[in-house]
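S.K.: Let's see this in three dimensions:
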Amino acid sequence: MSSTVRTVDYVHPVQAVIPGAQGRVLAVLTQTTAPLNLTTLARLAGVSVAQASRVMPGLVDLGLVERREVPPSSQFRLIRENVAAQAIIDLARSRDTALDRIGAAAAALPFQPVSVIVFGSFARGEADEHSDLDAIIVRPDDVDEDDDAWATAIERWRSDARAITGNRIEILEVARHEVRTKLAGSAPLWRDVVRDGVVVHGRMIDELMERVHA
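M.R.: Residues are numbered from 1 along each chain as shown. So this is what the prediction gives:
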C-alpha cells in the first residue's frame, strides 16, 4: 500500500497546523517572552482586535496563555512551562529541527559526504508547502560517481530527508575537487549557495573555498 508524504509550510508552521486567528496569535506568542497587550498582539498577528479578543479567553482557559491586568489594558504571554505550549514552540522551530535531523541522517550514512549544504528557499527560511528542499552533496574524490554503494547511500539520505521534512528533495552532487571552483565562480546558483547556504553536515563553505584563494 502506497503512502503520501505531505509537504510542510516552514514559513508559517504554527498557522499551518492551527488555522485561523488562534494559530496566528500563538505564532506571535512563541516568538517573545514579553507580555503583549491585545492591540499589539493583534497587529503582530495580522488579525483584528476583535478576532484576537475572541480567541484569547479560550487560550487562557486551556492554560496556554497567562492574562495579567495592567490598567488600562490586559497583557498576555505564552506559559512556556505548559506541555502543550512547548509543543507549539517546537512546531514554530520546526525548520531548525528539520535541518538538525537531516544533518544527523547524513552523519549516519556508511559513506560520508564531504559536505551537505542546503540552499534555496529552505535555507533562507522561505520554504512553504510548495517548496522543494535543495541540497548540494559534495562527494569525496576517492569515491566514483557511479559507485553503487555511494548511490545507495545518497538515495537513503534523500528518503530520510523527505520523511523528516515532508518536502521533495532535489540533490546536486559535485566532487570535492570541483566544488572549490564552482563556489568561487559567478554562476547564480553557486552565488546563492555561498550567500545563503546552510551546512548541515561536514565541511563549512569557507573550508571548501580555501584552496581556491590560496
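S.K.: For the rest of this, base every contact and every neighbour count on C-alpha atoms.
M.R.: OK.
S.K.: Let's verify the residue positioned nearest the centre of the chain: helix, strand, or coil?
M.R.: By Cα atoms, centre = their mean, the chain has its centre lying nearest to residue 95, at 1.8 Å. Classification of residue 95 using DSSP: H, G, I helix; E, B strand; the rest coil returns helix.
S.K.: Which residue is the nearest non-sequential neighbour of it?
M.R.: Counting by Cα to Cα, 6 or more residues apart in numbering, residue 10 is the residue found nearest to residue 95 once chain neighbours are left out, at 5.9 Å.
S.K.: List phi and psi for the one you found.
M.R.: phi -90, psi -10 (degrees, to the nearest 10).
S.K.: need the contact list for it.
M.R.: Contacts for residue 10 (Cα atoms under 8 Å, 6 or more residues apart in numbering) come out as 94, 95, 122, 125, 126, 127, 128, 129.
S.K.: May I see these organised as JSON lines, with pLDDT, secondary structure and distance to residue 54 added?
M.R.: Below are the contacts of residue 10 laid out as JSON lines (pLDDT from 0 to 100; DSSP: H, G, I helix; E, B strand; the rest coil; distance: Cα to Cα, whole Å):
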{"residue": "94", "pLDDT": "93", "secondary structure": "helix", "distance to residue 54": "28"}
{"residue": "95", "pLDDT": "93", "secondary structure": "helix", "distance to residue 54": "30"}
{"residue": "122", "pLDDT": "93", "secondary structure": "helix", "distance to residue 54": "34"}
{"residue": "125", "pLDDT": "91", "secondary structure": "coil", "distance to residue 54": "31"}
{"residue": "126", "pLDDT": "90", "secondary structure": "coil", "distance to residue 54": "30"}
{"residue": "127", "pLDDT": "85", "secondary structure": "coil", "distance to residue 54": "30"}
{"residue": "128", "pLDDT": "78", "secondary structure": "coil", "distance to residue 54": "28"}
{"residue": "129", "pLDDT": "75", "secondary structure": "coil", "distance to residue 54": "28"}
